[in-house]
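Enquirer: Just to be clear, the model below is a prediction. Sequence and coordinates:
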Amino acid sequence: EIRPRDWSSDVCSSDLMRQLIDIDNESLAAVGLADADTAAWSRDELRRRRAWTAVAVAAVSSFLFVVDSGFVGLALPKIEAEFPNMHRSLIEWVATAFMVAQASLLLVAGRLGDRYGRKKFFMVGLAVFSFGSLCTALAPSLGLIIAARVLTDSGAAFLTAGTLAIVLPMFPPSKAGEVIGYWGAVGSVAGWLTPLFGPFLVAHSWRWAFATIVPIGLFVIVMGLRVLPEQRATLPPGRTDTVSLIAGPPALGLLMLLLSNGRVWGWTSTPTLLIAVAMMGFMVVLVHRSLHAERPLLDLDLLRVKGYTGNLLTGVCQQAGFFAFFITGPLIMINVWQWSVGKVGVAIAVSQMPSSIGSPLGGRLVKRFGYRDLEIAGALFAASGVAWMVLTAGPTANVWFGYLPGALLFGFGCSLCGTLSSGA
């Protein structure tokens with residue numbers, strides 16, 4: 001006779017069954033809540049409209065940041081012509097200030113937003129960013145232009161630190177990929193509009209180029225106050241470690257300064273070595289406090305999260321390749337192929353046009369294929385594009401067979417990989 005087993009007499013098996021039942025019930029509850037949230041989302045037109053308006057506000061703020069960054073590179077020759085008595089190394093600080101200021105404050109901006117409210121610091125960053133652009137347009141001297149750029153990009157750090165973290169909670173989880181895709185698409189439009197039309201605007205007046213950012217920034221501030229919700233991270237009570245808050249900005253800022261100017265100054269020159277020593281000192285303190293402080297500025301436990309480290313490295317590699325193309329590409333086009341600045345602008349713009357397709361397409365496909373597979377596909381597309389351009393490059397330009405196919409593949413792959421790594 002076969003009798004059913006009495007699970008109650010087996011303590012280990014009973015505990016195991018309870019755990020399995022609890023896990024299963026939690027999973028079913030999570031799925032049920034997600035389905036219910038998606039259903040409620042579909043029925044609530046007002047909620048959908050407000051959420052997508054918030055995405056538009058966040059995307060336009062990213063658009064402004066990309067446009068402003070592009071204007072800096074285009075305006076440098078004009079600024080140099082306006083101040084002919086200034087050494088070129090001083091003129092280059094207009095661009096260097098951008099990188100150093102943002103790198104210094106990005107971690108602090110993210111931590112403050114998590115604790116005290118992301119919308120609050122997003123709006124402060126946008127206001128400072130817009131005011132800095134106005135100061136750049138009106139600055140009468142090179143020193144004040146550099147100071148205005150520091151102000152602008154300090155605001156940019158707070159502007160970019162938590163943009164997605166504000167809008168994603170407004171959507172059900174099933175919509176996250178789509179939101180990230182459309183957010184990336186708007187930024188990519190700035191990536192090809194700026195080199196296409198920026199040279200004409202800067203040629204008219206580099207000051208007017210920066211001034212055009214101000215009214216758009218004011219409009220985004222008004223809309224952001226109306227539609228963006230306040231979001232905070234769930235953090236343990238208590239203040240962030242003061243020592244890491246003090247050490248973090250100079251550690252990251254000096255690192256960026258070293259990377260951007262080390263080659264110009266000479267890697268063994270006295271300024272480079274002094275900055276390297278100072279940077280290492282602050283970096284040691286930051287890492288030590290990150291490992292041992294109770295609430296550090298940089299939480300290294302994030303590196304233990306499954307997939308986080310790999311996704312972080314993917315984003316770093318994508319950004320490195322993206323900016324390497326933007327730096328070396330124009331140099332080859334101007335110095336080797338003897339192209340005009342306008343023609344270079346068109347060529348760079350063409351390479352970024354597929355981004356407007358890749359970003360939203362990746363957002364829609366992520367539910368079917370997942371982040372990992374699409375990021376790998378994007379990296380392969382980008383690498384294939386670069387390889388094609390390198391293999392077909394020569395002393396004269398081979399536009400239709402060499403540059404164009406490679407640039408389109410590269411732009412599409414970068415948008416697919418870069419946008420999804422931002423949201424994975």
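Expert: Now that the structure is in, tell me what you want to look at.
Enquirer: Can you give the distance from the strand or helix carrying residue 102 to the centre of its chain?
Expert: In this assignment (DSSP states H and E), residue 102 forms part of helix 93-116. A distance of 12 Å separates the centroid of the chain from that of helix 93-116, by CA atoms, centre = their mean, to the nearest Å.
Enquirer: After that helix, heading C-terminal, what element do we hit next?
Expert: Counting by DSSP H and E, the element after helix 93-116 in chain order, helix or strand, is helix 118-138.
Enquirer: ok and that next one relative to helix 93-116, angle-wise?
Expert: Taking axes from the mean of the first three to the mean of the last three CA atoms, to 10 degrees, helix 118-138 and helix 93-116 form an angle of 160 degrees between their directions.
Enquirer: what stretches of the stretch 1-150 of the chain score poorly on pLDDT?
Expert: Counting by pLDDT under 70, the low-confidence segments of the stretch 1-150 of the chain come to 1-44.
Enquirer: burial measure for residue 282, as a count.
Expert: Counted with other CB atoms under 10 Å, the neighbours of residue 282 add up to 19. Where you see a C-beta, it was placed from the backbone N, CA and C, and this is true even at glycine.
Enquirer: Also the one 10 residues further on?
Expert: Close neighbours of residue 292, defined as other CB under 10 Å, add up to 10.
Enquirer: Repeat that for residue 218.
Expert: There are 15 residues near residue 218, going by other CB under 10 Å.
Enquirer: Going by neighbour count, which residues in the one helix or strand it maps to are buried?
Expert: Per DSSP H and E: residue 218 is located in helix 213-227. For helix 213-227, a neighbour-count test (16 or more other CB atoms under 10 Å) marks 213, 214, 216, 217, 220, 221, 223, 224, 227 as buried.
Enquirer: ok, now stretch 321-335?
Expert: Applying 16+ other CB under 10 Å to stretch 321-335 flags 321, 322, 325, 326, 329, 330, 333 as buried.
Enquirer: Distance to residue 64 added to those residues, as CSV?
Expert: Putting those into CSV (distance: CB to CB, whole Å) gives the following:
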residue, distance to residue 64
321, 24
322, 19
325, 22
326, 18
329, 24
330, 23
333, 27
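Enquirer: ok so, going back, can you tell me the average pLDDT over the helix holding residue 218?
Expert: For helix 213-227, mean pLDDT is 92.
Enquirer: Residue 352 contacts residue 185, doesn't it?
Expert: No. Residue 352 is beyond contact range of residue 185, at 11.3 Å (criterion: CB atoms under 8 Å).
Enquirer: And these two? Which one has more around it.
Expert: Between residue 352 and residue 185, residue 352 has the larger neighbour count (other CB under 10 Å), namely 27 against 21.
Enquirer: Moving C-terminal from the helix holding residue 218, which element do we reach first?
Expert: With DSSP H and E, the next secondary element past helix 213-227 is helix 242-265.
Enquirer: between that following helix and helix 93-116, how many degrees?
Expert: Using the same axes, to 10 degrees: helix 242-265 against helix 93-116 is 160 degrees.
Enquirer: What is the next helix-or-strand element following helix 242-265 packed up against?
Expert: Downstream of helix 242-265, the next assigned helix or strand under DSSP H and E is helix 270-292. Applying 3 or more CB pairs under 8 Å, 6 or more residues apart in numbering; DSSP states H and E, we find helix 270-292 packed against helix 242-265.
Enquirer: Pull the distance from the helix it packs on to the chain's centre.
Expert: 19 Å.
Enquirer: for stretch 206-213, same thing?
Expert: Centroid separation between stretch 206-213 and its chain, computed with CA atoms, centre = their mean, is 23 Å.
Enquirer: Likewise for stretch 160-178?
Expert: Worked out by CA atoms, centre = their mean, stretch 160-178 lies 14 Å from the chain centre.
Enquirer: Report the buried residues of it.
Expert: So stretch 160-178, judged by 16+ other CB under 10 Å, has buried residues 160-168, 170-172, 175-178.
Enquirer: What is the burial count for residue 208?
Expert: 11.
Enquirer: wait, I meant residue 347
Expert: 20.
Enquirer: where's it relative to residue 58, distance?
Expert: Distance of residue 347 to residue 58, given as CB to CB, to the nearest Å: 30 Å.
Enquirer: which intervals of the stretch 301-424 of the chain have sub-threshold pLDDT?
Expert: Looking at the stretch 301-424 of the chain by pLDDT under 70, you get 327, 422-424.
Enquirer: Now with 80, please.
Expert: 301-324, 326-328, 330-331, 334-335, 340-342, 345, 356, 358-367, 369-372, 417-424 (pLDDT under 80).
Enquirer: ok, which stretches of it are helices?
Expert: 308-335, 341-352, 355-392, 404-423 (DSSP state H, counting those that start in this stretch).
Enquirer: Would you mind stating the distance between residue 187 and residue 159?
Expert: For residue 187, the distance to residue 159 (CB to CB) stands at 12 Å.
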